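In: What would the 3D arrangement of this be:
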Amino acid sequence: MSAKYVDLQVNGHGGIDLLSATSADEIRTVSKSLYKNGVVGYLPTIITSKLSDAVRAIKLIEEVRLAPMPGEAKILGTHLEGPFISKDKCGVHPIEHIIAPDLNHLKALLNAGLIKIVTIAPELTGAIELIQFLVAKNIVVSLGHSNADRQAAIAGFDAGAKTVTHLFNAMPKPPLDGLAQVAIEREDVTVQIIIDQVHVPNDLVKQVLEKVSSRFIVTNDPIAAAGLGSGTFPFGGMTVNVKDGQARRTDGTLAGGIGTLPQALLIMEELGVLKADALASVTTRACELIGVNYQELIES
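Out: From the prediction side, this is the model:
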């Protein structure tokens with residue numbers, strides 16, 4: 001399969017976790033594994049962690065981004081998923097490293113490498129100011145890992161956030177009226193969603209995609225275990241168990257994805273999603289969100 005897909009949220013792949021990687025070669029292992037699974041470009045994603053660990057990981061990612069090699073998915077920048085997120089909706093993010101919005105902390109992360117997306121919870125004190133700061137730097141802000149109600153979600157999008165991280169996961173779920181509902185309603189918001197028959201039920205996926213057909217992006221949210229089958233794998237400073245097609249922390253909390261984008265396309269086909277919309281969600285639309293030319297990417 002020739003690589004052609006783009007994934008904006010990759011925690012790891014092929015046995016390597018990006019946050020705990022210790023060398024540029026390990027980062028390249030992720031890029032090679034993704035390429036074999038059809039991915040031509042991606043955003044390495046750093047979850048909530050100690051500042052020193054995040055900076056170290058971003059700098060390693062930068063080494064590889066600046067020196068791409070054949071047979072590797074190209075690194076398009078880094079996605080910071082945290083640490084300015086909700087403790088109530090942290091998922092597997094280590095709660096001890098979640099902090100209140102802090103400009104100096106953010107600047108230290110931005111100085112470590114090319115940051116393309118920052119996921120933040122808009123309801124936190126000081127979040128709106130950070131969103132505005134990032135938007136002024138042309139960095140995409142995604143709302144996620146958030147307990148935002150309708151008012152807080154609207155404030156975040158009005159401040160310049162233009163996408164949402166893994167719709168329905170780590171946010172108030174229907175019928176609660178919060179971040180997910182606002183993201184679906186607003187025509188100026190791009191909806192990122194995991195389609196793997198694990199994170200979001202197929203019937204809900206179908207309902208949502210009918211409402212956001214021209215503005216959704218699919219991610220696998222893959223972790224180190226992706227592409228390797230069952231077993232125990234690293235994820236940040238923890239371990240996750242993969243069994244029966246699901247990756248979960250030892251306490252049962254869902255911990256990212258192990259599917260592939262071709263599998264997501266098959267699911268969308270079965271759900272009756274228009275082929276053009278489905279294909280755009282894993283190619284051109286993802287590139288447009290982060291300001292990358294898709295044609296140049298696949299030809300480079």
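
In: So, low pLDDT: which residues of the protein?
Out: Along the chain, segments meeting pLDDT under 70 span 1.

In: mind listing the helices for it?
Out: Here the chain has its helices, by DSSP state H, at 24-36, 51-65, 103-110, 127-136, 150-158, 179-185, 202-211, 261-270, 275-281, 284-290, 294-299.

In: Adding mean neighbour count, write the ones you listed out as CSV.
Out: In short, each C-beta sits where N, CA and C put it, glycine included. CSV is the format used below for those (neighbours: other Cβ atoms under 10 Å):
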stretch, mean neighbour count
helix 24-36, 21
helix 51-65, 19
helix 103-110, 14
helix 127-136, 18
helix 150-158, 19
helix 179-185, 22
helix 202-211, 15
helix 261-270, 18
helix 275-281, 18
helix 284-290, 20
helix 294-299, 13
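
In: Kindly reformat those helices as TSV containing distance to T253.
Out: As requested, the helices of the chain are exported to TSV (distance: least, Cβ to Cβ, whole Å):
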stretch	distance to T253
helix 24-36	23
helix 51-65	20
helix 103-110	25
helix 127-136	24
helix 150-158	23
helix 179-185	19
helix 202-211	20
helix 261-270	22
helix 275-281	26
helix 284-290	27
helix 294-299	34
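
In: Out of these, the one nearest D221 is which?
Out: Relative to D221, the nearest member of these by Cβ to Cβ is helix 261-270, separated by 10.9 Å.

In: Give me the angle between the closest one and helix 24-36.
Out: 30 degrees (axes from the mean of the first three to the mean of the last three Cα atoms, to 10 degrees).

In: CA atoms of helix 261-270 as CSV?
Out: The C-alpha trace of helix 261-270 is given here as CSV (Å, rounded to 0.1, in the frame of the first residue of the first chain):
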residue,chain,number,x,y,z
LEU,A,261,-6.9,4.6,8.9
PRO,A,262,-7.8,2.1,6.2
GLN,A,263,-9.9,0.3,8.7
ALA,A,264,-11.6,3.5,9.6
LEU,A,265,-12.4,4.1,5.9
LEU,A,266,-14.0,0.6,5.7
ILE,A,267,-16.1,1.4,8.7
MET,A,268,-17.3,4.6,7.2
GLU,A,269,-18.1,2.8,3.9
GLU,A,270,-20.2,0.4,5.9
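
In: what's the angle from it to helix 202-211?
Out: Using the same axes, to 10 degrees, helix 261-270 lies at 80 degrees relative to helix 202-211.

In: what's helix 261-270 in contact with?
Out: Defining contact as Cβ atoms under 8 Å, 6 or more residues apart in numbering, one finds that helix 261-270 is touched by 1, 5, 7, 37-39, 195-197, 202, 205, 209, 218, 220, 275, 278-279, 281-282.

In: 7 Å instead, please
Out: Helix 261-270 is contacted from outside by Y5, D7, G38, V39, I195, D196, Q197, N202, V218, N220, A278, V282, using Cβ atoms under 7 Å, 6 or more residues apart in numbering.

In: The stretch 101-250 of the chain: strands as residue ranges?
Out: Applying DSSP state E, counting those that start in this stretch to the stretch 101-250 of the chain gives strands spanning 115-120, 140-143, 163-164, 190-194, 216-219, 231-235, 238-243, 246-249.

In: Those strands into CSV, with extra columns for mean neighbour count and distance to K32?
Out: As requested, these are exported to CSV (neighbours: other Cβ atoms under 10 Å; distance: least, Cβ to Cβ, whole Å):
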stretch, mean neighbour count, distance to K32
strand 115-120, 25, 21
strand 140-143, 26, 26
strand 163-164, 26, 28
strand 190-194, 24, 23
strand 216-219, 28, 19
strand 231-235, 17, 17
strand 238-243, 17, 20
strand 246-249, 19, 21
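
In: So for A180, which of those strands sits nearest?
Out: With respect to A180, and counting by Cβ to Cβ, the nearest of these is strand 163-164 at 7.4 Å.

In: Could you list the paired strands of that closest one along with their orientation?
Out: According to DSSP bridges, strand 163-164 forms sheet pairs with strand 140-143 (parallel), strand 190-194 (parallel).

In: quick one: it to chain centroid distance?
Out: Chain-centre distance of strand 163-164: 10 Å, with Cα atoms, centre = their mean, to the nearest Å.

In: And the contacts of that strand?
Out: Residues from elsewhere that reach strand 163-164 (Cβ under 7 Å, 6+ apart): V140, S142, L143, G144, L179, A183, V189, T190, V191, Q192, L289.

In: What of stretch 281-298?
Out: Stretch 281-298 is contacted by residues 4-6, 8, 40-41, 74, 76-77, 116-117, 140, 163, 190, 216-218, 261, 264-265 when judged by Cβ under 7 Å, 6+ apart.
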